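**Student:** Next input, structure requested:
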Amino acid sequence: MNFFSICGIFLLFAVGLGINSTYAQIDPNSDIEFFQTGEIQTVENQFLISNEFEIREFFNGNILRVSGQTIEGFPYIIYSKVNDDKLDVFGKIFISGKFVKLVFNEINNNQESVPEQKQDNLSIIVKYSQRVYSNQDILIQIKTFDSEINTKNDFTQNYGLIPNTNIQVDIIDDEGITIFSEKGKSNENGSYETQFRVPVDKISTYTMKIESSNDSSKSSKILQIIHAGADPTDK
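**Tutor:** This is a model prediction of the structure:
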């Protein structure tokens, strides 16, 4: 049993929920995929859920609601509805000032689960400052790995890097305006660096979208940058 399964079970009992007859055939802690993987995804991007989330039960256990925030800083809400032998899972994540639909694999006790779409084999790992101040130069460091080799998303790992990949970096404010955009290519070590100067007069929560591609694969990652205004250390 993995970490998210343990958290899920703990929270169910912490708020007074039990596994009743509604879940006699489908156990949410084993059948709901994101409890097992710790990941949720849209059509274009994947996100890691943090271990701080809330679980609520409705209609005698027929509906389970999970809400929380991803590690990248985006709030989400997910509903799981039990319907006979079928578990319907649906939800949304709030990105760039709007809700984006999450995608899930449906589970049915009488049928095999819906096959997953082919996964991208590029893993984008980013090192950057999430909280920034006006007129600050922010270093954005990007590495592209073979996702099957760097399974822990370790930025410091020195093997499994994929060189010469196309990199696109876009930073978008909360009004949907792109305030920074750059294209480039990772070096022979699979690394790419760029700098972004934080605007003085545009306090906002920014969305940073990074896309990486080569001849055989492509991947994308969405992160959040919080503009906290003037640097409090400046006098």
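**Student:** longest strand in the protein, by residue count?
**Tutor:** Across the chain, the longest stretch assigned as strand under DSSP state E is strand 46-58.
**Student:** What residues of the next helix or strand after that one count as buried?
**Tutor:** Later in the chain than strand 46-58, the nearest helix or strand by DSSP states H and E is strand 63-70. For strand 63-70, burial by neighbour count (16 or more other C-beta atoms under 10 Å) applies to 64, 66, 68, 69, 70. The way it works is simple: take the backbone N, C-alpha and C, and place the C-beta from them, glycine included.
**Student:** How about stretch 210-226?
**Tutor:** Along stretch 210-226, these residues count as buried under the neighbour rule (16+ other C-beta under 10 Å): 210-214, 217, 219-225.
**Student:** From the centre of the protein outward, give me the first residue you hit.
**Tutor:** residue 47 (1.2 Å; C-alpha atoms, centre = their mean).
**Student:** From residue 148, how far out is it?
**Tutor:** 20 Å (C-beta to C-beta, to the nearest Å).
**Student:** sorry, back to before: so the longest strand of the chain versus strand 63-70, what angle?
**Tutor:** 140 degrees (axes from the mean of the first three to the mean of the last three C-alpha atoms, to 10 degrees).
**Student:** List the pairing partners of strand 46-58 within its sheet, with orientation.
**Tutor:** strand 39-41 (antiparallel), strand 63-70 (antiparallel) (DSSP bridges).
**Student:** between those, which gets nearest to residue 161?
**Tutor:** Of all these, it is strand 39-41 that lies closest to residue 161, at 22.1 Å by C-beta to C-beta.
**Student:** Pull the residues that contact stretch 68-80.
**Tutor:** 28, 32, 34, 40, 47-50, 52-54, 63-67, 87-95, 102, 130, 222-224, 226 (C-beta atoms under 8 Å, 6 or more residues apart in numbering).
**Student:** and the longest strand of the chain, C-alpha only, in PDB?
**Tutor:** Extracted C-alpha coordinates of strand 46-58, given in PDB (Å, rounded to 0.1, in the frame of the first residue of the first chain):
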ATOM      1  CA  GLN A  46       0.300  15.900 -15.200                       C
ATOM      2  CA  PHE A  47       0.300  17.200 -11.600                       C
ATOM      3  CA  LEU A  48       1.400  15.700  -8.200                       C
ATOM      4  CA  ILE A  49      -1.100  16.000  -5.400                       C
ATOM      5  CA  SER A  50       0.200  17.000  -2.000                       C
ATOM      6  CA  ASN A  51      -0.500  14.900   1.100                       C
ATOM      7  CA  GLU A  52      -2.800  17.600   2.500                       C
ATOM      8  CA  PHE A  53      -6.300  17.100   1.100                       C
ATOM      9  CA  GLU A  54      -9.900  16.800   2.400                       C
ATOM     10  CA  ILE A  55     -12.300  13.900   1.800                       C
ATOM     11  CA  ARG A  56     -16.000  14.300   2.200                       C
ATOM     12  CA  GLU A  57     -18.800  11.700   1.800                       C
ATOM     13  CA  PHE A  58     -22.300  12.400   0.500                       C
END
